[in-house]
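Participant: Quick one, fold the following:
(2 chains)
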Amino acid sequence: MLTTSDPVPPSDTDDASLSLSSMKGRSRFGMNQETLPRLATGAAALVPLLALVGVVAILAWKAYPAIRYNGLGFFGRSTWYLGNTNVPGVKSGGASHPPGANYGALPLIAGTVLSSAIALLFAVPISIGAALAIVEKLPRRASNAVGMFLEVLAGIPSVVFGLWAALTLGPVMQSDVEPPIASVFDHLPDVPVLNFFRGPISASEGQGLLTAGVVLAIMIIPIIAATTRDLLRQVPRLPKEGALALGMNDWEVARKVSLPWVRSGIIGASVLGLARALGETMAVAMVSGALLGDLPKNLYLGMSTIAATIVTQLDGALSDGTGFATRTLAEVALALAVITLLTNIGARLLVKRGGAALPVGRGV
Amino acid sequence: MSTLDTEVTGPSDSGVDLYGRPAWHRVMAYWLGWGGCLVAVTLIAIPIVSILWGVIGRALAHWQWSVITSTTTGLRLDILGTLELVAGVGIVAGIIGVASGVYLAEYASGRFGSLLRGAAEVLAGVPSIVLGYVGYVALSITFHWGYSLAAALIVLSALTIPYIAKSTESALRQVPTSYREGADGLGMPPLRSLTRITMKAALPGITTGWLVALAIAMGETAPLLYTIGEFTSVGPTSHLTHQPVGYLTAVVYYGWQNGGPDLQLGYDAAFMLVVLILALIVGARIIVALTQRHTEKN
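Facilitator: Here you go, the predicted structure:
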């Protein structure tokens, strides 16, 4: 409607010659023509900010009784007990809960951190190598094909990753990958730390920490590799040509000119990948073994992460008539939100100093 | 290449490079370096081939068209439910996301602008399960919407708006300033210049981002389990609240959980998802390729 406005008054067009931003027409409503679109789009632009504030506020409000009851020890305990849900709830510590309810988030936090660390360990070198090959070495057709692979990988839904990981990757890990690794550590000296890498191996189709880490690695490779590729493409031609003229071969140019040039960007991209791995839910829920109430015993046995627990405990939480289990899940969700928010902000601050920009989304 | 390399590598009289390492050191580094990169590329390709082969192979091995058409033994309702959900997200998140991208590109400035931009980027990094749980706690429980289309729409929109906003913003920023100056110079009102000139030029980029956002929405599972409901055989509905709707990703999840005939259905659903999502992504790429060729010609 506003586009069918009256002819622009001459005085305003005079303004326009001075400054583009001050160019204003008047609609028949007498409203400044730029005000309405500015207000309407501005309201839309506020939505993400409000959503972000709302997410944290709602979680904090819902979790508050659980935070009071569970206390600080919540992050140091390993139990996960809903309490006796067959009898009426009792009120203590500022929350009504089934008698005996006792929760601890330590195994979830340990599982989240360990599986994400394994994912980064695999994903970062593979992503950097692939990005270098795409930008600096492979012929154009081949690098387009690899780029397409990355997009396909980014597009596959996480539940399909989970299905593949649970029924195809898991059994392979259990029979062919994990036993050799475990036997290597069996031959090493008897240092307690190494016990984490020794057997036994999960009997349920490879469900466990290592399989979850490998799946997470595959899932975060697209975002790290695609970001690194885009950063490498922005390296100016001149320093590379200079290095070639000095007698470096193309590997040395890639290794000693291009990579250092984008180092902070790669770190930022990796932290972004870490944030994704920390919050990944379905695929992990389907291969983690969903162990609750205990720390992961070794690299191969079951565990659980914060995100996976929220999904797998939905039904269980509904059996708690007092709603306390829901509040405890809100508390772990809040913890996960805070962890990923800090990781994300950190990644973006890191990269901002380097002058590049990180992508939004999954690297599609 | 090795002859050239060894010639360049170091003075032939000493046989060492600047760091005092023998010449073969460089040749080794060259082959190990690029060899490692090729291994990395292969390691990326293997899981993709394995996933696509596993899903497509198992789905097509027992393929019957009744999977798509039947409401009782097939996925008809779940496919329609997914399409309804994605269409809703396309409208809600599309309008809000594009509008917010326009604001960020055209009007936002200074601290407030970068605050809004940062909020969108950070919101995109919040795990989808957290958004889903908030939707569950706030909409399904506190508002008593129960398992509902509206709750899922809101959660999926919150998930995709940042992505659409970002791609709209960068598409608008790539429109040459001369276009706007030309429109302004001819006396075009700002709103018309925005919709007829700037947005028109940015339309391919905006559409691409929108399609990819739809692909992301279509592949989500975790936030939906809480908001739109668990496995149900209810198809598309006009009831925004109190009515669970079936969707494809849940079929995959419950197929894995239940096994047996459900698992085959799960593979079929996974196949449908991969086909639909890749169609969206390929569509987005085709738009990019076509418009790039167009601009190169001009």
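
Participant: For burial, what's the neighbour tally of the residue nearest to residue A:168 when sequence neighbours are not counted?
Facilitator: Using Cβ to Cβ, 6 or more residues apart in numbering or on different chains and skipping the chain neighbours, the partner closest in space to residue A:168 is residue B:54 (5.0 Å). Backbone N, C-alpha and C define where each C-beta goes, glycine included. Other residues lying near residue B:54 total 19 when counted by other Cβ atoms under 10 Å in any protein chain shown.

Participant: Confirm residue B:54 sits in a strand?
Facilitator: No. Assigned with DSSP: H, G, I helix; E, B strand; the rest coil, residue B:54 falls outside any strand and is helix.

Participant: give the contact list for it.
Facilitator: Taking Cβ atoms under 8 Å, 6 or more residues apart in numbering or on different chains, we find residue B:54 in contact with A:164, A:167-168.

Participant: Of those residues, which is the most crowded?
Facilitator: Using other Cβ under 10 Å as the neighbour test, these are led by residue A:164, with 25 neighbours.

Participant: measure it to chain B for me?
Facilitator: Taking Cβ to the nearest Cβ, to the nearest Å as the measure, residue A:164 falls 5 Å from chain B.

Participant: mind checking which helix or strand residue 277 is in?
Facilitator: Chain wasn't specified; assuming chain A. helix A:263-279 (DSSP states H and E).

Participant: right idea, wrong chain: chain B
Facilitator: Secondary structure (DSSP H and E) places residue B:277 in helix B:261-297.

Participant: which secondary structure elements does that helix contact?
Facilitator: Judged by 3 or more Cβ pairs under 8 Å, 6 or more residues apart in numbering or on different chains; DSSP states H and E, helix B:261-297 is in contact with helix A:140-155, helix A:158-164, helix B:23-61, helix B:66-69, helix B:76-102, helix B:199-218, helix B:248-258.

Participant: if we can go back for a sec, distance of the residue nearest to residue A:168 from residue A:50?
Facilitator: Between residue B:54 and residue A:50 the distance is 42 Å, computed by Cβ to Cβ, to the nearest Å.

Participant: residue in chain A nearest to chain B?
Facilitator: Distances between chain A and chain B by Cβ to the nearest Cβ are smallest at residue A:279, namely 2.5 Å.

Participant: Run through the residues that contact that residue.
Facilitator: Counted by Cβ under 8 Å, 6+ apart, residue A:279 has contacts A:307, A:336, A:340, B:125-130.

Participant: quick one: least confident of the residues you listed?
Facilitator: Across the contacts of residue A:279, no position has a lower pLDDT than residue B:125, which has 86.

Participant: Can you tell me how far the closest residue to chain A within the stretch 101-250 of chain B is from residue A:337?
Facilitator: Going by Cβ to the nearest Cβ, chain A is nearest to residue B:127 of the stretch 101-250 of chain B, at 2.5 Å. Residue B:127 sits 7 Å away from residue A:337, going by Cβ to Cβ.

Participant: and if you look at residue B:278?
Facilitator: Residue B:278 is 31 Å from residue A:337, by Cβ to Cβ.

Participant: ok, and what's touching stretch A:284-293?
Facilitator: A:78-81, A:104, A:107, A:111, A:115, A:159, A:162-163, A:165-166, A:169-170, A:202, A:204, A:206-209, A:211-212, A:215-216, A:301-305, A:307-309, A:311-313, B:253, B:256.

Participant: Give the buried residues for that stretch.
Facilitator: For stretch A:284-293, the buried set under the neighbour-count rule, 16 or more other Cβ atoms under 10 Å in any protein chain shown, comprises A:284-292.

Participant: Alright, I will stop here.
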